[in-house]
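In: Build me a model from this:
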Amino acid sequence: MPVYIRKNVNFTPPSIDNFPLEDDEDYITDPDQLLDRLPQPYRMIDKVLSQWYDEVWQIIEKRENERLEESRRIRAPQYECSAQMESQGRACCVCDSVDGRYIFIGQPRGLSAVDVQTQEKVASWEEESVDIHYVKAYLIGVQVYLVVTIDDMGFARLLIFGGDKFYFVKILNEFQKGRGGAHRPIFSNPAHGEGGTKLIISKCEASRNGDYLGAMFENPETAEVWLEVYKLPRDAWLNELESVLTKKEEKSEEDQGTDTQAPTDQEAPTPQNEVEPPPAATQSRKHSLSRGSSRLSVYTNTTNYEESTGGEKHTPKLSPTSVVMKLKPPPSMSGNPASSIHSACQKVDSGEVIGTGVNHILTPNHKDMRKEVFAHLHDNLMEYLPKEEEAEPLEDVNFHFMTAGRLVPTGLEQQSQIEEEDDMKRLPTTIAVWWKGSTHVVHYSLLKQHKDFDVKPDLVWPYLSPVTSSAISDDTSLLAVGFENGNIIIWDRYLGIQRGIVNIMDRVKIVQLTFLDPNICPQNLDDYQPYRTKTSTHLLALCDNGALYIMMSGPGLELDPICITPPVESEDDIFTMVQPIPGMHDLLITVLKSGKVQIRDTLQGTVLCEPVLPKSHELMTPWDPVVAVGAMGQVLFLKGNNKDYGEEEGGDQSESAGALFMYQMKLFPTLDSYMSRRRDKVSQTVHAKIENRIEALMKERIAQQGLRKHRMQERWGNMKEEIWSILQYKDMAEKKADNRPEIHYKRVRNLSQTPGSMGWTPFFRN
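Out: Here you go, the predicted model:
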């Protein structure tokens, strides 16, 4: 007869209600099974192996579920390239012109401009030992562009592209001339001469219309950095180039009228600043000379060139740039080294504006004493405080050139610039600067004259968290600031108010902010006034965890962030590039760290398609991809490297190592609905002048004249109904008066007795 003995005898037996939930294996039928099956050493080994087996099985199940989920997922269609530009295989950087006509390609030994529609080289600028790694173009006139470049040696150059030619302007950190007219680099100490330290430029950006330019200088020896702001004579450059082009046209007409002469053996050399596409023979000769000669620096090449031309200048003399200000990063917080209170108070800010907190009257001893007192009072809690990390040096700067607004101090707002409707005529009046790791956004006026580094800001925005990103709208009316703690603040500079503040996510850093075109954002039009008084737009925010958020910013609207891309789990899925497509801001082009290029819907975040490279190529440097979009979102350019190309085959990088691939985005079937959309231009800044208001009111009045007859008939009908209602009320009042009882009063003989006095009694009729 079997004996049923419970295993877990230490526990209380379950209740009757829980009997059906008991496990059948909780009982054994043989008392000998109470003993362990294995002795102690083997029992522990069996336990470890069982645990390891369970963990491995969980991993297998997880991977199997991921594989099934990936197989069931709807994948975006992939499109191959339309053409391959092998001649541009050594492109180091690519940028598009603002109007989408050209793309500028930075290459070793120069820069070239390519027509987007025909993919043909229009012009090139070549110079030995110049490897362009950064290029940016700005539209400063009608088909006239300011091109800013930075090479691998840290030299920033300014060029102007117009009339299918490049015109060299200057090198920002190399403008001094030595003997023979040769350019000499700027040194940290001019007295040292050739023995000094060359200054390099790591960032160079201009304003939207090319009126101002900012460059970040670095001294490699002393590790000093500063920001220099330049005033560019844009109008003077346009007039000078126009006169040059006019003279060339007149000269060409004269040459066509004269008889053709036989070509001579010696031809005039082509000026360096006006380089046209050379013929094949000349190009091969130049390549052979460059390969046979030693690697010369840009300065030696310039000297030899000017000597070969006899020092004659064939280029137009363009107006020089002027330095507006030089800004140093804010110093670290330290005590006031003054020896007396009087001298300490002299160094304190005057109090006209909120300062950065650097100039104060707290001495180093006072700060040390306060730290000691705090540590003594909270000795039991000091071990739980996070350890103080060493502050990183401020090595990066971000700045925005802004037009006039209502946030600058009185006297610097330029009311005429505020009410200017033409964006090309609105000149920047303020520059907003924030350094990496700093908690302040400082504003400086561009209208003042500054001669030294000690430039005091005109406006300071202090914050509690370090600033990590910022963005400015196209017309500079909106300014967004992102912080390390996940907060975002949007300022309306035109109205001088704060539009809102929102927290995206705790402990998440905002790494990128982008304002989108307001034509993709629904505008809330009021019933009155008949003219628009406000504009809403979308703000795109990218976090360091790979999440992408979008929010609508408008007057009176709450900032409600919407997650269009969730946080990524794999490091390969982190975005390295998120950029709206020019001309079509409802489409985003994103590049992942794994090398995938995707085109997404801006408002939904869904992947619409993936442009793929040939199987023999891969995307060049996915962490810093070479990507450009031309023809206002119609053509996409990607730089790919050959996978089979190795150093043992070619040694140095050659054109066979990679190529520039072109994609006709208008031929992508998934983008047909986006290409056919109508996008009306919507200005972000609304200038509601009194003339515009009166004109809008008159137009509305004239447009409503057609409905006047209908409104008059409706009004007369309403009046008849009102009169009928009044008559009905009058008849009802008369009927009520007739139905009331009659009251007869007794005549009073005594004139002193009046109704209501003593002795007066009324008589009622029965």
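In: the helices in the protein, which residues?
Out: With helices called from DSSP state H, the chain shows them at 40-72, 234-257, 280-292, 298-308, 341-347, 364-377, 415-418, 647-650, 672-675, 690-703, 708-738.
In: any idea how far residue 726 is from residue 736?
Out: Noted for residue 736: a distance of 16 Å to residue 726, by C-beta to C-beta, to the nearest Å. C-beta coordinates here come from the backbone N, C-alpha and C atoms, glycine included.
In: Kindly apply the preceding question to residue 631 instead.
Out: Separation of residue 631 from residue 726 (C-beta to C-beta): 71 Å.
In: These two: which has the busier surroundings?
Out: residue 631 (21 against 9; other C-beta atoms under 10 Å).
In: Let me see the contact set for that one.
Out: Counting by C-beta atoms under 8 Å, 6 or more residues apart in numbering, residue 631 touches 100-101, 116-117.
In: Compare these and tell me which is most surrounded.
Out: Busiest of these [other C-beta under 10 Å] is residue 116, holding 20 neighbours.
In: That one reaches residue 102, doesn't it?
Out: Yes: here residue 116 lies in contact with residue 102, judged by C-beta atoms under 8 Å, at a distance of 6.3 Å.
In: Give me the common contacts of these two.
Out: With C-beta under 8 Å, 6+ apart as the test, residue 116 and residue 102 both reach 96, 630.
In: Tell me where the stretch 151-300 of the chain is predicted with low confidence.
Out: Across the stretch 151-300 of the chain, the ranges flagged by pLDDT under 70 are 174-197, 257-300.
In: gap between residue 116 and residue 209?
Out: Using C-beta to C-beta, residue 116 is found at 22 Å from residue 209.
In: Which of the contacts of residue 631 sits closest to residue 706?
Out: Checking the contacts of residue 631 against residue 706 with C-beta to C-beta, the nearest one is residue 100 at 42.5 Å.
In: contacting residues around that closest one?
Out: Contacts of residue 100 (C-beta under 8 Å, 6+ apart): 116, 582-583, 630-634.
In: Tell me which of the residues you listed fall in strands.
Out: Assignment to strands by DSSP state E places the following of the contacts of residue 100 there: residue 630.
In: ok, what's across the strand from residue 617?
Out: Note on residue 617: beta-bridge partners by DSSP bridges are residue 642.
In: I'd say it and residue 658 touch.
Out: Yes: contact status for residue 617 versus residue 658: in contact at 7.1 Å, counting by C-beta under 8 Å.
In: Need the residues touching each of these two.
Out: Both residue 617 and residue 658 are contacted by 640-642, under the criterion C-beta under 8 Å, 6+ apart.
In: possible to save those residues as JSON lines with distance to residue 145 and pLDDT?
Out: Listed next are these as JSON lines, based on distance: C-beta to C-beta, whole Å; pLDDT from 0 to 100:
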{"residue": "640", "distance to residue 145": "27", "pLDDT": "89"}
{"residue": "641", "distance to residue 145": "29", "pLDDT": "86"}
{"residue": "642", "distance to residue 145": "32", "pLDDT": "84"}
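In: wait, which of those residues is closest to residue 428?
Out: Nearest to residue 428 among the shared contacts of residue 617 and residue 658 is residue 640, at 38.3 Å by C-beta to C-beta.
In: Now that closest one. Nearest residue, chain neighbours left out?
Out: Excluding its sequence neighbours, the residue lying closest to residue 640 (C-beta to C-beta, 6 or more residues apart in numbering) is residue 617, at 3.6 Å.
In: How about the contacts made by the one you found?
Out: Residue 617 is in contact with 640-643, 658-659, 661, counting by C-beta under 8 Å, 6+ apart.
In: As JSON lines, the contacts of residue 631 with pLDDT would be great.
Out: Formatted as JSON lines, these follow (pLDDT from 0 to 100):
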{"residue": "100", "pLDDT": "89"}
{"residue": "101", "pLDDT": "92"}
{"residue": "116", "pLDDT": "91"}
{"residue": "117", "pLDDT": "88"}
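In: distance between stretch 318-328 and the chain's centre?
Out: Centroid separation between stretch 318-328 and its chain, computed with C-alpha atoms, centre = their mean, to the nearest Å, is 25 Å.
In: Can you tell me what sits against it?
Out: With C-beta under 8 Å, 6+ apart as the test, stretch 318-328 has contacts from 158, 160, 167, 169-170, 212-213, 225-233, 236-237, 240, 433, 444, 446, 450, 452-453, 455.
In: Could you do stretch 484-491 as well?
Out: Here stretch 484-491 has contacts from 407, 464-468, 478-483, 497-510, 513, 539, 541, 543, 551, 553, 559, using C-beta under 8 Å, 6+ apart.
In: picking that back up, which pair in the contacts of residue 617 has the greatest spatial separation?
Out: 643 and 661, at 14.2 Å, using C-beta to C-beta across the contacts of residue 617.
In: Which one of those two is surrounded by more residues?
Out: Each of residue 643 and residue 661 has its neighbours counted (other C-beta under 10 Å); residue 661 has more, 24 against 12.
In: Show the contacting residues for the more buried one.
Out: 81, 83-85, 613-614, 617, 637-640.
In: Mind doing that once more with 6 Å?
Out: By C-beta atoms under 6 Å, 6 or more residues apart in numbering, the residues touching residue 661 are 81, 84, 638, 640.
In: ok, those vs residue 679, which is closest?
Out: Out of these, the member with the shortest distance to residue 679 (by C-beta to C-beta) is residue 638, at 24.9 Å.
In: how much space between that closest one and residue 555?
Out: Noted for residue 638: a distance of 40 Å to residue 555, by C-beta to C-beta.
In: Could you check which of those two is surrounded by more residues?
Out: Neighbours per residue (other C-beta under 10 Å) separate residue 638 from residue 555, with residue 638 holding more: 24 against 14.
In: Strands of the stretch 551-700 of the chain, residue ranges please.
Out: Here the stretch 551-700 of the chain has its strands, by DSSP state E, counting those that start in this stretch, at 562-565, 575-581, 584-592, 597-601, 607-611, 617-619, 627-630, 635-642, 658-664.
In: and residue 513, how far is that from residue 553?
Out: To residue 553, residue 513 is 11 Å away according to C-beta to C-beta.
In: Which residue of these two possesses the greater neighbour count?
Out: More crowded of residue 513 and residue 553, by other C-beta under 10 Å: residue 553, with 23 against 20.
In: ok, so what distance separates the residue nearest to residue 640 from residue 124?
Out: Distance, residue 617 to residue 124, by C-beta to C-beta: 25 Å.
In: Then residue 474?
Out: Distance, residue 474 to residue 124, using C-beta to C-beta: 31 Å.
In: which of those two has more neighbours?
Out: Higher neighbour count among residue 474 and residue 124: residue 124, with 20 against 15, using other C-beta under 10 Å.
In: tell me the contacts of residue 205?
Out: Contacts of residue 205 by C-beta under 6 Å, 6+ apart are residue 214.
In: between the longest strand belonging to the chain and helix 234-257, how many degrees?
Out: As assigned by DSSP E, the longest strand anywhere in the chain is strand 121-141. Taking axes from the mean of the first three to the mean of the last three C-alpha atoms, to 10 degrees, one finds strand 121-141 and helix 234-257 inclined to each other by 140 degrees.
In: now what about strand 121-141, what contacts it?
Out: By C-beta under 6 Å, 6+ apart, the residues outside strand 121-141 that reach it are 92-93, 95, 97-98, 104, 106, 108-115, 145-152, 164-166, 206, 210, 234, 238, 275, 277, 295-298, 301.
In: so what's the residue nearest in space to the middle of the chain up against?
Out: Taking C-alpha atoms, centre = their mean as the criterion, residue 514 is the residue nearest the geometric centre of the chain, at 3.6 Å. Residue 514 is in contact with 471, 540, counting by C-beta under 6 Å, 6+ apart.
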